[in-house]
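Novice: Just the structure for this:
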Amino acid sequence: MKIPFTKCHANGNDFILILSEDFPDMGAKESLIQQLCNRNTGIGADGLFIIFSSEKYDFFLDYYNSDGSWETLCANGSRCASKFIYSLNNTRRKLKFETGAGIHTAEIKSNGKVLMSMKTPVYKSECLSPEGVSGFFVDSGARHFVCQLDNLDEKHVLTLGRKVRYSQPFKPQGINVNFYRIQSDNTIEIRTYEKGVEQLMPSCSSGSAAVVYHLSKSRGLISPITTSSAGGSLKFTFDEGWREAFCEGPAELLFSGEFEGNLI
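Specialist: Below you'll find the predicted structure:
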């Protein structure tokens, strides 16, 4: 069986895009996604999108982490999927689509970047201290724990992120962990440990949104805010109540092909 796909990335966070009609109708979806995302024997990616047609909007995104677990939203990947859909018809630069976290809009900018609307984040906890790390549970379309940390050394945040991700307050689903350091009033450095991939991500848009939201509420930081991660930067703009919030960042379509192998 051959599976047509497109590989893409946003700030180094990479994804596989497959149209729903090209995705095999089989029971072992989780195993198949693991196989496709495997970096040694598959295509290799942090996550996979199955893109469906939508009766009301331009498309619907069904997102899975590389371990095959379903996730509500991946904003980096959603920007890539929007650019992919635009590349298919090359007509309208403004799109509206559905995700597991609700409705979003995207605009393909002339510079190649994509401006995507973000949902209004919501605090899901008071201050918590799992594994001795103080922070807040913020839902920005996906589950995120945000905490300030001076030492953003890769080994340190990887070890700490794994502990917090599996800590008791967030069981059974677990949580994505975002460590941040304020560089200036409008620039924030962020490192994200992502559940379902179980690694540090080069970038995470929904996690960065959770951090920016928290700092706008707790520190009074105002729009626009630039977040800096290992893979690059993102620009966030928002009104006072976060009723209208946007993330602008890169989205690159790398190549398309057909995966052919012994499917699980």
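Novice: Give me the distance between the two termini of stretch 33-47.
Specialist: Stretch 33-47 has an end-to-end distance of 8 Å (CA to CA, to the nearest Å).
Novice: roughly how far is stretch 34-45 from the heart of the chain?
Specialist: 18 Å (CA atoms, centre = their mean, to the nearest Å).
Novice: Please renumber the chain so that the first residue is 11 from this point on.
Specialist: Yes, from this point I'll number from 11; that puts the last item at stretch 44-55.
Novice: what sits up against that stretch?
Specialist: By CB atoms under 8 Å, 6 or more residues apart in numbering, the surrounding residues in contact with stretch 44-55 are 13, 15, 17, 24-26, 56-58, 76-78, 269, 271, 273-274. All C-beta spots, glycine's among them, are computed from the backbone N, C-alpha and C.
Novice: For those residues, pick the one with the most neighbours.
Specialist: residue 25 (29 neighbours; other CB atoms under 10 Å).
Novice: Note down every partner strand of the host helix or strand of that one and its orientation.
Specialist: Using DSSP states H and E, residue 25 sits within strand 23-29. Pairing partners of strand 23-29, with direction, according to DSSP bridges: strand 12-20 (antiparallel), strand 57-62 (parallel).
Novice: how close does residue 244 get to residue 55?
Specialist: Remark: distance between residue 244 and residue 55 (CB to CB, to the nearest Å) = 20 Å.
Novice: So for these two, which sits in the more crowded spot?
Specialist: Using other CB under 10 Å as the criterion, residue 244 and residue 55 rank with residue 244 on top: 29 against 26.
Novice: so who does that one touch?
Specialist: With CB under 8 Å, 6+ apart, residue 244 has these contacts: 21, 213, 215, 218, 236, 237, 257, 258, 259.
Novice: mind checking the SS state of it?
Specialist: Following DSSP: H, G, I helix; E, B strand; the rest coil, the label given to residue 244 is strand.
Novice: Leaving out chain neighbours, which residue sits closest to it?
Specialist: Nearest non-adjacent residue to residue 244, counting by CB to CB, 6 or more residues apart in numbering: residue 259, 4.3 Å away.
Novice: Give me the neighbour count for that neighbour.
Specialist: 24.
Novice: Show me the shaky parts of this protein.
Specialist: Residues of the chain meeting the criterion pLDDT under 70: 100, 273-274.
Novice: go with 80
Specialist: Within the chain, the stretches with pLDDT under 80 are 11, 36-37, 100-101, 271-274.
Novice: leaving aside the residues next to it on the chain, what's closest to the residue nearest in space to the middle of it?
Specialist: Closest residue to the average C-alpha location of the chain: residue 84 at 3.0 Å, with CA atoms, centre = their mean. Excluding its sequence neighbours, the residue lying closest to residue 84 (CB to CB, 6+ apart) is residue 73, at 5.0 Å.
Novice: Which strands border the host helix or strand of the one you found, and is each parallel or antiparallel?
Specialist: Per DSSP H and E, residue 73 falls inside strand 69-75. Note on strand 69-75: by DSSP bridges, its sheet partners are strand 57-62 (antiparallel), strand 80-81 (antiparallel), strand 104-109 (parallel).
Novice: Quickly name whichever of the contacts of residue 244 is closest to residue 265.
Specialist: residue 21 (17.9 Å; CB to CB).
Novice: ok, the closest one touching residue 237?
Specialist: No - counting by CB atoms under 8 Å, residue 237 is not a contact partner of residue 21; they are 10.0 Å apart.
Novice: Would you mind telling me which of those two has more residues around it?
Specialist: Set residue 21 next to residue 237 and count neighbours by other CB under 10 Å: residue 237 wins out with 27 against 24.
Novice: This completes my enquiry, with thanks.
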